[in-house]
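For reference, the sequence and a predicted model appear below.
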Amino acid sequence: MATIASKRPVWITLTVALLVHSVLISSQTNKRIDSSFLRGWILDLLSPIEKVVDRTLHGTGSIWDRYFALIGVHDENLQLRAQIDDLSMQLGKHREEILEAQRLRSLLGLSDSGVGKSVVARVIGRDPMQSHQSITIDKGRTHGIQPDSPVITAQGIVGRVIFASNYSSVVQLILDSQSGVGVLVLPSRRLGIIRGNGTSELDLDYIDDDTDLKEGSEVITSGQDRIYPKGLPVGVLSSVSASKGRLFKAARIRPSADLGRLEEVLCIIDRPSGTEVVDSLNRTPSP
Amino acid sequence: MRPLHPVQVIGKFALAMIAVVVMQGILAYKFSIFTYFDFPLICTVYYGFTLGNPMASILMGSTLGLMQDSFSAAALGTNGFSKTLIGFLAATAGVRFAVDQAITRIFALFLFTLADGLVVTMIALMVAPQSNATYSGAVGGWLLSATLNTLLGLVLFGYHDRLANATT
């Protein structure tokens, strides 16, 4: 009896703790109670520390790379100078083409195809759980970031913000099993939806069986999910399999962005109203 | 050695927990192999074994899990629920078994890591049953995590024991 009485506080503590966590979990599924303030407090407390540690590690690595790990630097330097000269010549040629395209676009009455107001953010952490693919960035609400803000790199889309505290945000990667993006498959421009499945590739859904899909076809955002601007690179088709009596084809996409090596990302905080990112690769739509 | 004031003890544990969660996030980002390790779990198990106080272990597991959830896309409370249970079980095991033996620690760390993976996956399935995740490789991931956590835990436990003995 004495033993049971002395263990009662432990059982009470355990029951209360499990109940609190159960309520937290269920409140996020039915959205009746807003528990996001708790995540915000914890993120605001921990992310500055994570930022400092990350910058310290990055600085140490940078000092090592710049002053100690110099093997092959001279040869690489010469190689890069030659590449710069080559690229400078190409840039001069393309500048004229860009100016011409801008003039033609203004003649057609199209506005600039910029992605809108955006902010550069640094990745400071990654979700260690394999079942959920997300990263933490060092910008938050004070920088204009809101939940559902799209996050991209120069190579392609990365994901969307699912939670923003004052100074940091959690970004759900497109690889996450609960992620979905509206896409267009080129050159047929068929609409589809890509979903993460926890691996390094994406599943392409809702493509009609009679659509001709080829491996290597490029996939861009359709803009219909109202999150990602239209025309941003998503990836390329890596495999297509016959549907064998099913309604839709089964296909996989390899993402364009290198999601395993993200360092800086661009977070779009304000898209100009009435505009989409017109296909920036000058592809002509199919009739 | 002068005993610490309770506030100093709480402050020490709070700093340790913050360091564990922050390092987990940064190391998982810098080196992908660290996605298989679970520092908060190892910390919960160790203090469950050594504190001798089940309520403290439960609170520690709960707090570590909540902090871990904050950096994750998982529902807040997922890891908190799992680590709360593990804190309680580790404290109970600490009383009943000889947890200073390596073989006991190996079994405990391995089983607790598998249990953590199972509980977190079940909660994720209950929260988002329409999830597109392929769980066919999940068991393999749990086994790899369990093996790596066990190895790391043994090293850290041994080092911490030596440190604790050296300062007493």
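Structure received.

Is any residue of the top helix by length along chain B near chain A?
In chain B, with assignment by DSSP state H, the single longest helix is helix B:138-167. Yes: with C-beta under 8 Å from any C-beta of the partner chain as the measure, helix B:138-167 is seen reaching chain A through B:Ala138, B:Gly141. From N, CA and C alone the C-beta is placed, and that goes for glycine too.

low-scoring stretches of chain B, by residue?
Low-confidence segments of chain B, defined by pLDDT under 70, span residues B:1-2, B:129-137, B:166-168.

tell me, what residue is most central in it?
For chain B, B:Leu41 is the residue whose C-alpha lies nearest the centre (C-alpha atoms, centre = their mean; 0.8 Å).

element containing it, please.
B:Leu41 is located in helix B:39-51, with elements delineated by DSSP states H and E.

list the helices and strands that helix packs on?
On a contact count with 3 or more C-beta pairs under 8 Å, 6 or more residues apart in numbering or on different chains; DSSP states H and E, helix B:39-51 meets helix B:6-30, helix B:54-70, helix B:78-96, helix B:102-127, helix B:138-167.

Residues of the stretch 151-287 of chain A that sit close to chain B?
Residues of the stretch 151-287 of chain A lying close to chain B (C-beta under 8 Å from any C-beta) are A:162, A:170, A:172, A:176-178, A:195-199, A:203, A:260.

again, only this time at 10 Å
Within the stretch 151-287 of chain A, the positions near chain B by C-beta under 10 Å from any C-beta of the partner chain are A:159, A:162-163, A:165, A:168, A:170-173, A:176-180, A:195-199, A:202-203, A:205, A:260-263.

before we move on, back to that, roughly how far does the residue nearest to the centre of chain B sit from B:Val119?
Counting by C-beta to C-beta, to the nearest Å, the gap from B:Leu41 to B:Val119 is 11 Å.

Also A:Ile253?
Distance of A:Ile253 to B:Val119, computed by C-beta to C-beta: 32 Å.

swap in A:Pro150?
From A:Pro150 to B:Val119 the distance is 33 Å (C-beta to C-beta).

Ok, B:Leu76 next?
Computed as C-beta to C-beta, the B:Leu76 to B:Val119 distance reads 15 Å.

Between the two, tell me which one has more neighbours.
Taking other C-beta atoms under 10 Å in any protein chain shown, B:Leu76 and B:Val119 do not tie; B:Leu76 has more neighbours (22 against 17).

Ramachandran angles for the more buried one?
phi -60, psi 130 (degrees, to the nearest 10).

okay, the angle between the longest helix of chain B and helix B:102-127?
Per axes from the mean of the first three to the mean of the last three C-alpha atoms, to 10 degrees, the angle that helix B:138-167 makes with helix B:102-127 is 130 degrees.

Just the buried residues of helix B:138-167, please?
By 16 or more other C-beta atoms under 10 Å in any protein chain shown, the buried positions in helix B:138-167 come out as B:Ala138, B:Gly141, B:Trp142, B:Ser145, B:Ala146, B:Leu148, B:Asn149, B:Thr150, B:Leu152, B:Gly153, B:Phe157.

Can you spell out which helices and strands pack onto that helix?
On a contact count with 3 or more C-beta pairs under 10 Å, 6 or more residues apart in numbering or on different chains; DSSP states H and E, helix B:138-167 meets helix B:39-51, helix B:102-127.

May I have the first one exported as PDB, CA atoms only?
To tie it back to what came earlier, the one meant is helix B:39-51. The C-alpha trace of helix B:39-51 is given here as PDB (Å, rounded to 0.1, in the frame of the first residue of the first chain):
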ATOM      1  CA  PHE B  39      20.500  12.700 -29.200                       C
ATOM      2  CA  PRO B  40      17.400  13.700 -27.200                       C
ATOM      3  CA  LEU B  41      16.500  10.000 -26.900                       C
ATOM      4  CA  ILE B  42      20.000   9.100 -25.700                       C
ATOM      5  CA  CYS B  43      19.800  11.900 -23.200                       C
ATOM      6  CA  THR B  44      16.400  10.900 -21.900                       C
ATOM      7  CA  VAL B  45      17.500   7.300 -21.500                       C
ATOM      8  CA  TYR B  46      20.700   8.200 -19.700                       C
ATOM      9  CA  TYR B  47      19.100  10.500 -17.200                       C
ATOM     10  CA  GLY B  48      16.200   8.000 -16.800                       C
ATOM     11  CA  PHE B  49      18.800   5.500 -15.700                       C
ATOM     12  CA  THR B  50      20.900   7.700 -13.500                       C
ATOM     13  CA  LEU B  51      18.600  10.300 -11.900                       C
END
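
before we move on, back to that, need the winner for burial among the helices and strands packed on helix B:138-167.
helix B:39-51 (a mean of 25; mean count of other C-beta atoms under 10 Å in any protein chain shown).

distance between it and the chain's centre?
Distance of helix B:39-51 from the chain centroid (C-alpha atoms, centre = their mean, to the nearest Å) equals 6 Å.

Which residues outside stretch A:47-67 are in contact with it?
A:43, A:69, A:73, A:122-125, A:136-138, A:140, A:165-170, A:263, B:18-19, B:21-27, B:29-30, B:70-71 (C-beta atoms under 10 Å, 6 or more residues apart in numbering or on different chains).

tell me the mean pLDDT over it?
The average pLDDT for stretch A:47-67 rounds to 84.

list the buried ones in that stretch?
Quick answer for stretch A:47-67 (16+ other C-beta under 10 Å): A:Ser47, A:Ile49, A:Glu50, A:Lys51, A:Val53, A:Asp54.
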